[in-house]
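Novice: sequence and predicted structure below; questions after.
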Amino acid sequence: MEIQSHENKLFDTINTSGRICCIGHITHDKIITPKFEADMPGGTAYYFAKALENMSHCNFELVTCIGEDALPVVDKLRGEGLEVKALPSRSTVCFENKYGSDMNDRTQRVLAKADPFTVNNLGEVKAEIYHLGTLLADDFDLEVMKYLSGRGLLSVDVQGFLREVEGESVKAVDYEEKLAAFPYIHILKANEKEMETLTGTADPHRAAEILAGWGVKEVLLTLGDKGSIIYSDGKFHAIPAYPVESAVDATGCGDTYMAGYLYKRSKGASIDEAGRFAAAMCSLKLGEKGPFVGTEEDIEKIIRMNDL
């Protein structure tokens, strides 16, 4: 793969046909917004996979852990051409996501949990980029992260490590093993609330520096309608939030962002190029109910219209 700039050195061992593997629970979601209510599949694993479904020449595998009730969802994804490995679980994760008029505000309830992922049940998974779609604190332990980090680039959405379940309620907590885990994480995504929980600061630039100081190589902080920032090798990259006519459904926006970012980075794009692609992809998803269903052409059109 031709490296376009020094920014790509984290990915310089990744061939442009290299495999991306997302590992996470597909969930049963009840979505409640001021505009609609719906029951649908969800979870980082689902939204990430759907976001890559229409990307060209994407070598992708989804690894999930589900109960028998979610097998039809897996069958449907396979029928759409996605490669899915389904590990058995005693039950499927069930979430209730309730939004107010501000799509950045969400309350959650967990009605059922699935079994965690382990080194033993992930032993045969092979990829060059692993993205952990955490939903709850016990989805992945430190040994899993050490194992996968030694096999490829490890990308983590930190959200699940900051969620502890009490009864059916989701309680925000700090990630107790962060100082031990972060040196194994190559790419980390957090939103503004998560970064403050982790670092104790609401300043995204300072938070990014702290997270990088703990060992993360590329820090991605999503800031809602304020856009996002990416911090790597001591340099900040400001990524705009592209406008959307009407915010319909924010569920899965962060997952869509990460899918777009990792896809473009794996193809040799710079941090800024990948960030803008991810942001445009996220805006298109925000304007529709359910997962991203657009194409690369749709995404590039949004970028061209707004980056004149």
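Specialist: Ah, there it is.

Novice: residues in contact with the spatially most central residue of the chain?
Specialist: By C-alpha atoms, centre = their mean, the chain has its centre lying nearest to Asp255, at 3.4 Å. The contact partners of Asp255, taken as C-beta atoms under 8 Å, 6 or more residues apart in numbering, are 44, 47-48, 51, 133, 157. For glycine as for every other residue, the C-beta is placed from the backbone atoms N, C-alpha and C.

Novice: where's it relative to Leu136, distance?
Specialist: With distances taken as C-beta to C-beta, to the nearest Å, Asp255 is found 15 Å from Leu136.

Novice: pLDDT score assigned to Arg109?
Specialist: On the pLDDT scale, Arg109 is placed at 87.

Novice: what's in contact with the host helix or strand of it?
Specialist: Using DSSP states H and E, Arg109 falls within strand 106-112. For strand 106-112, the surrounding residues in contact (C-beta under 8 Å, 6+ apart) are 28, 91-99, 136, 163, 165, 168-170, 250.

Novice: okay, buried residues for that strand please.
Specialist: 106, 110, 112 (16 or more other C-beta atoms under 10 Å).

Novice: Leu223 versus the first one, what's the distance?
Specialist: In other words, Arg106. When Arg106 is compared with Leu223 (using C-beta to C-beta), they lie 15 Å apart.

Novice: what's the answer for the last one, then?
Specialist: For Ala112, the distance to Leu223 (C-beta to C-beta) stands at 32 Å.

Novice: just the mean pLDDT for stretch 240-258, thanks.
Specialist: 89.

Novice: picking up where we left off before, among the contacts of Asp255, which are located in strands?
Specialist: Among those, the members falling in strands (DSSP state E) are 133, 157.

Novice: identify the farthest-apart pair in the contacts of Asp255.
Specialist: Based on C-beta to C-beta, the longest span within the contacts of Asp255 runs between Ala51 and Asp157 and measures 12.9 Å.

Novice: which parts of this structure are helices?
Specialist: 44-52, 71-79, 142-149, 178-181, 192-199, 204-213, 253-266, 271-286, 296-306 (DSSP state H).

Novice: got these as TSV, with distance to Val119 columns?
Specialist: Below are these laid out as TSV (distance: least, C-beta to C-beta, whole Å):
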stretch	distance to Val119
helix 44-52	18
helix 71-79	23
helix 142-149	5
helix 178-181	15
helix 192-199	25
helix 204-213	25
helix 253-266	22
helix 271-286	30
helix 296-306	35
